[in-house]
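Asker: With the sequence up front, the predicted model follows.
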Amino acid sequence: MSGAQRLPFREDEAFAEQASGVEGSKPIPKRASKFGRASSSHSTAGHSLPTRSFIHHANHARGPDEVQYASSGVREKTAELSSSFLSESEMARNLSPDMNHPPHSHSQSRIHGPIQEASEPPTPDGKATNAPAPSELTAALQRQPATEYLDSSELDLDRTSGHRTSVSTVPEVVINDGEQDEPATAAETTPLLPRERLSAPRKQTYEASPDTEEQPTREPGSWNRIGHQYPSLHNIRSLLRHMHINPKAWDLRKAGRRVLLEPLRMLPAVFLGLLLNLLDALSYGIILFPLGEEAFADLGPDGVSMFYVSCIISQLTYSTGSIFRGGVGSEMIEVVPFFHKMTYMIMAKMGDANPEALRATVIVSYCMSSIITGLVFAILGSLRLGTLVNFFPHSILTGCIGGVGIFLFITGIEVSARLEGNLDFSVNVLRQLFAPATIALWIPPLVLAIILLLVKRFYDRPWLVPAYYITITAVFYIITAAVPTISMDTLRRDGWVFEAPAAGVPFYNFYSYFKFSLVDWSAIGMTIPSQLALTFFGILHVPINVPNLAMVVQEDNVSINRELLMHGISNTLSGCVGSIQNYLVFVNSVLFMNNGGNSRLAGYLLAAATFGLWVAGPVVIGYVPVMVVGTLIYMLGIDLAQEALVATYGRLDRLEYITILVIALVMGVYDFVVGIGIGIGLACLVYVVQTSRKTVIRAEFTGVVAESTVRRHPRQRNYLHRVGHQIRVVKLGGYLFFGSIVKVEKKVRALIDAEAFAQSPIRYLVLDFTHVTGIDFSAAEAFGRMNRILHRREVTMALAGVTLGSDVGKSLQMVGLFVDSEEPPVPAPKVYEDLNSALEACENELLMVLTEKQKLDTHKLEDSPPMRIPEGPGYLQPSPAVGMVGSPRRDFLHQAATTTITEAREGEQAKWQSFKQPLPLLLQAFQDLTDKNEDFWFRATRYFTRQTFQKGQILYNRGDEPDGFYLLQSGILRAEYFLDQGNYRENIVAGNTLGELPFFSETERTSSVIAEQDCVAWLLTAGSWEELQARDPDVAKELLKISLKLSAERMNAITSYVLITAS
């Protein structure tokens, strides 16, 4: 282990420097214990959100290497306060180290010699073998001199399991199997189990069932790496070759079932899927182009043909590669308003003087948008960025759905009323819309759509919608056939039936519009924003539809990246063959699979049937009633608008609902691209507002509740309980930005408000950053403003849990927070590694008042020799206690110190001064825990032995067998608990005990204790404890009672620390 590494505590820089080899440090001998395990020190880097680019104040901010933690020296201050406090009491002379007592250095008993490596045992047959080459660890131990000491970073502490590795002995492996030829001891290369027990690998027979825990083995190759597990081409060729060579192996009955019966069982599902495709083609495939414009008035059948091509391509792709074997692909209904927007943009650029060039440009832009959408899908899936789509707010998608619903409702009016152009609110359009002949065209489909929606609400069945439209078509033709004067030409002329395509027009007629020489590429360039908006809207469907579909059909092996890749292939191919976007339709897929179409063969059959429908498409269009298409469009529009605007009302936050409503209205009435842009802006605004509502203040405590883990003198603890209200801890969490920092600043201002400050004045405000994940520029600057506000009230601000090298620490340094301000003069806030260090420093500052008060009361005027008072004010050096008068906070500290000293001195006896150690120490440590006097405890003094420990020396490690019960006379110790749940540390000052619970309960040590200074302690060993129980059982019994009280006190302190840290 490198000597440059450090001890696993960072709050004491001075100690860390000395432990790393600074002159004056005491080396630590290497040691090992059978309960221990060596561990290497490690650090974990915290993850934080990225911060903004800080440009301002960068010229005066100090670099991260120049900022130092304020906790340097806190540990020394704690020990000094404890020693100074004890030195001013009546027992001061007896609590100081006794130089006449011969010291017994406990460190010598802890030094172990080098571990000798035993030679390898002979083989079972008695022959000696050549020793294998030593491992790197063995070689390193052999190279280590016996007198070499551990540096501070090589302490035998385990941070993971809490035990130390046994390196002095090798465990024996005992295998009771009736075999006598096994070795009795294990070597470095000896297997844990005999080789005869290891069964040889056996081939799995066909009758043997595979292991239930066995995972399927994937074939190599890029196709299987993205989640597909199809047989390789080599295996297929081998199977076909085997069938060709061995025709007798053919199972004709099985082949007949696969070729004839299975397709027949799928016909109902195929018919249902074909009917759904037909209805979708008539609803929004036919309005792919704005039929109200003269240049596109006859392109309804061509839109239907493009719709069928998109369905065929998507069906073949999803049936081949999707995890949903019966998934149904179809055109995105949301593309229609975007396509109309793109068409009108091109018309505004080109005009309508050249219809052929206009059609060529428009249809190329449609295909181009499909290719762009497919490429984005494919890139996201190939790079495994499927989860990236989840970062888009769902409110934007919901608002877009509502906008599509409004658009379809308006389009339903335009199609049913046979309006020329778009629906606007001009006088001419309104007069035409409400003419008696026109009302008869668009009102009945609207009524029929409303009736269907009402019926679906109370009686929803998969066959309801197809049967409803078939019934409308049948009733329509029954009525027209019953009236002899009504002919098909009359119905087409009056707008009741769509115009039949021209004679001789093939089903692939839309390919004739692809005349690239007439395309206006500049006009297509103008549509790029709309194409990107359509892409953005399209990719939001996959992370919503795919998980919902998987949940309904109970498919557990779903991969969003795989489905994104399939959508990318499908849309790219569709654009390349002259068609439009498509996606995996949730409703159609559920209906298809629930009716027997849950297989890839069924998908292929549906694609073939759709191809046949495409071939017959132009002929069918001439006999479709406009009322049926209008009812379909109305129903889709009302259903989508109801889902987005009605179903979400009262279920969402008010701001989110307003966002959805604004997006829907802007997209449905004005512009889709503008609606998406407004939606993104509103979503960001709503996020800021909602996040700002949730406070980043996790908890708030006073110093009475939030205490450091230092084991202090009882008198000091009583004093801190009285004055702890002057310490205020505010724990922060989450990401601090310009919206959330407002409440933190309000909280700080409220603490120093005149009325609140008069009732509960504070001296220290500790802001805990342990749970803060990131901070932006505005929030970082706000802390500098808070520091200036607190300074006006003479309140010291401290930052705890700030890692200077993290994003949070760098952000605070960039704004110059750790630099003292000159105008006005404001000291920079102190920064500490953790909350415990900050609390310890604040408590030390408060304890200085108690120490000064004790000095003033102890050194009476008559005890001091006369001295001449120098002239001139420059020689006056008043005590800090003198300046306590005049401020409510200082007066309160003064009164608390006086009360604490007065109460404590009632039980002290002057005769303690003549006692030798460890009796004064026993009386000091047990003062509030027992009612026994000095005569009682004098009988226990002879069982304790005096021990000295050098700075940096280990008293014991976690997992060690307890060697005694300690009473600390001078110095300071650090106890560290390394558990799987986390780490805990406490400091033990003079006048306290340690190690009592494991010692009296005869259990392993629960912590590792290190001397942070040269220490003197008194030790009750196991042998002395047995002697004490035999000779003075009443003293032993009282000692056990005190041990239980101390353990309860420590458990309360640990519980309080854990809860406060986790708050």
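Answerer: Okay, I see it.
Asker: what pLDDT, on average, does stretch 645-656 get?
Answerer: In this model, stretch 645-656 has a mean pLDDT of 86.
Asker: my guess is Arg946 meets Leu1020, correct?
Answerer: No: with contact defined as Cβ atoms under 8 Å, Arg946 does not reach Leu1020; the gap is 11.6 Å. Where you see a C-beta, it was placed from the backbone N, CA and C, and this is true even at glycine.
Asker: ok, the two, which is more surrounded?
Answerer: A direct count of neighbours by other Cβ atoms under 10 Å for Arg946 and Leu1020 places Leu1020 higher, at 23 against 18.
Asker: My read is that that one contacts Phe965, right?
Answerer: Yes: between Leu1020 and Phe965 there is a contact under Cβ under 8 Å: 4.3 Å.
Asker: where do the contact lists of those two overlap?
Answerer: Phe999 (Cβ atoms under 8 Å, 6 or more residues apart in numbering).
Asker: how far out from the middle of the chain is the longest helix along the chain?
Answerer: Under DSSP state H, the helix in the chain containing the largest number of residues is helix 1033-1062. Its chain's C-alpha centre and that of helix 1033-1062 lie 37 Å apart, by Cα atoms, centre = their mean, to the nearest Å.
Asker: helices or strands up against it?
Answerer: helix 835-858, helix 934-938, strand 982-989, helix 996-1001, helix 1022-1031 (3 or more Cβ pairs under 8 Å, 6 or more residues apart in numbering; DSSP states H and E).
Asker: for the fourth one, which positions count as buried?
Answerer: When you say that, I think you mean helix 996-1001. Glu996, Leu997, Pro998, Phe999, Phe1000 (16 or more other Cβ atoms under 10 Å).
Asker: what's the following helix or strand after it?
Answerer: strand 1008-1011 (DSSP states H and E).
Asker: How about the third one?
Answerer: Downstream of strand 982-989, the first helix or strand assigned by DSSP H and E is strand 993-994.
Asker: And the closest residue to Val689 other than its chain neighbours, which helix or strand is it part of?
Answerer: In space, Val689 comes closest to Leu655 once its chain neighbours are excluded; the distance is 6.1 Å by Cβ to Cβ, 6 or more residues apart in numbering. Assessed by DSSP H and E, Leu655 sits inside helix 654-665.
Asker: again with Trp1018
Answerer: Using DSSP H and E, Trp1018 falls in strand 1015-1021.
Asker: With Lys731 instead?
Answerer: Going by DSSP H and E, Lys731 is in strand 727-736.
Asker: what's that strand packed up against?
Answerer: Using 3+ Cβ pairs under 8 Å, 6+ apart: strand 727-736 touches strand 697-702, helix 741-751, strand 764-775, helix 835-858.
Asker: That one pairs with which strands, parallel or anti?
Answerer: strand 697-702 (antiparallel), strand 764-775 (parallel) (DSSP bridges).
Asker: Any idea which of those gets closest to Thr438?
Answerer: strand 764-775 (60.3 Å; Cβ to Cβ).
Asker: okay, the next helix or strand after that closest one in CSV with CA atoms only?
Answerer: Going down the chain from strand 764-775, the next helix or strand is helix 777-792, by DSSP H and E. Extracted in CSV, the C-alpha atoms of helix 777-792 (Å, rounded to 0.1, in the frame of the first residue of the first chain):
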residue,chain,number,x,y,z
PHE,A,777,-25.1,29.8,-10.9
SER,A,778,-28.1,31.7,-9.4
ALA,A,779,-28.3,29.4,-6.4
ALA,A,780,-24.5,29.6,-5.8
GLU,A,781,-24.6,33.4,-5.8
ALA,A,782,-27.6,33.3,-3.3
PHE,A,783,-25.4,31.7,-0.7
GLY,A,784,-23.0,34.7,-0.8
ARG,A,785,-26.0,37.0,-0.3
MET,A,786,-27.2,34.9,2.7
ASN,A,787,-23.7,35.1,4.2
ARG,A,788,-23.8,38.9,4.1
ILE,A,789,-27.3,39.0,5.6
LEU,A,790,-26.3,36.7,8.4
HIS,A,791,-23.1,38.7,9.1
ARG,A,792,-25.2,41.8,9.8
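Asker: And helix 777-792, what's buried?
Answerer: Applying 16+ other Cβ under 10 Å to helix 777-792 flags Phe777, Ala779, Ala780, Glu781, Ala782, Phe783, Gly784, Met786, Asn787, Ile789, Leu790, His791 as buried.
Asker: what does stretch 982-1000 give?
Answerer: Within stretch 982-1000, judged by 16+ other Cβ under 10 Å, the buried ones are 984-1000.
Asker: and what of stretch 682-699?
Answerer: Neighbour counts over stretch 682-699 (16+ other Cβ under 10 Å) mark Leu682, Ala683, Val686, Ser692, Val696, Ile697, Arg698, Ala699 as buried.
Asker: Looking at those, which has the smallest pLDDT value?
Answerer: Within the buried residues of stretch 682-699, lowest confidence goes to Ser692 (77).
Asker: What is the host helix or strand of that residue packed up against?
Answerer: Element membership for Ser692, per DSSP H and E: helix 672-693. Contacts defined by 3+ Cβ pairs under 8 Å, 6+ apart place helix 672-693 against helix 335-350, helix 394-417, helix 528-539, helix 654-665.
Asker: what is the orientation angle of the last one with helix 672-693?
Answerer: Calculated by axes from the mean of the first three to the mean of the last three Cα atoms, to 10 degrees, helix 654-665 forms an angle of 180 degrees with helix 672-693.
Asker: cool, the second one as well?
Answerer: In this structure, helix 394-417 runs at an angle of 150 degrees to helix 672-693, with the same axes, to 10 degrees as the basis.
Asker: Name the residues that touch the helix holding Ser692?
Answerer: Counting by Cβ under 8 Å, 6+ apart, 337-338, 341, 393, 395-396, 399-400, 403, 407, 529-530, 533, 536-537, 653, 655-656, 658-659, 662-664, 666-668, 737, 739-740, 742-743 sit against helix 672-693.
Asker: and what of stretch 1043-1058?
Answerer: With Cβ under 8 Å, 6+ apart, stretch 1043-1058 has contacts from 705-707, 709, 836, 929, 965, 984, 986, 993, 996-997, 1000.
Asker: swap in stretch 744-759?
Answerer: 696-697, 700, 728, 730, 732, 736, 762, 765, 782, 785-786, 789-790, 792-793, 795, 888.
Asker: will you turn the buried residues of helix 996-1001 into JSON lines that also has pLDDT and distance to Phe324?
Answerer: JSON lines is the format used below for the buried residues of helix 996-1001 (pLDDT from 0 to 100; distance: Cβ to Cβ, whole Å):
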{"residue": "Glu996", "pLDDT": "88", "distance to Phe324": "66"}
{"residue": "Leu997", "pLDDT": "87", "distance to Phe324": "61"}
{"residue": "Pro998", "pLDDT": "89", "distance to Phe324": "61"}
{"residue": "Phe999", "pLDDT": "90", "distance to Phe324": "66"}
{"residue": "Phe1000", "pLDDT": "88", "distance to Phe324": "67"}
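Asker: tell me the domain ranges of the chain?
Answerer: The record's domain parsing of the chain by the TED database lists 263-686, 694-858, 913-1062.
Asker: With respect to Ala79, which of those lies nearest?
Answerer: Ala79 lies closest to domain 913-1062 among these, at 4.0 Å (Cβ to Cβ).
Asker: Closest one to Arg562 out of the contacts of stretch 1043-1058, please.
Answerer: Distances from Arg562 to those, taken by Cβ to Cβ, are shortest for Tyr984, at 46.2 Å.
Asker: Find the residue closest to the closest one in space, skipping its chain neighbours.
Answerer: Tyr977 is the one closest to Tyr984 (Cβ to Cβ, 6+ apart), at 4.2 Å.
Asker: so that neighbour is in which element?
Answerer: Assigned by DSSP H and E, Tyr977 falls in strand 972-979.
Asker: Same check on Ala79?
Answerer: helix 74-87.
Asker: if you average pLDDT over stretch 782-802, what comes out?
Answerer: So the average pLDDT for stretch 782-802 ends up being 90.
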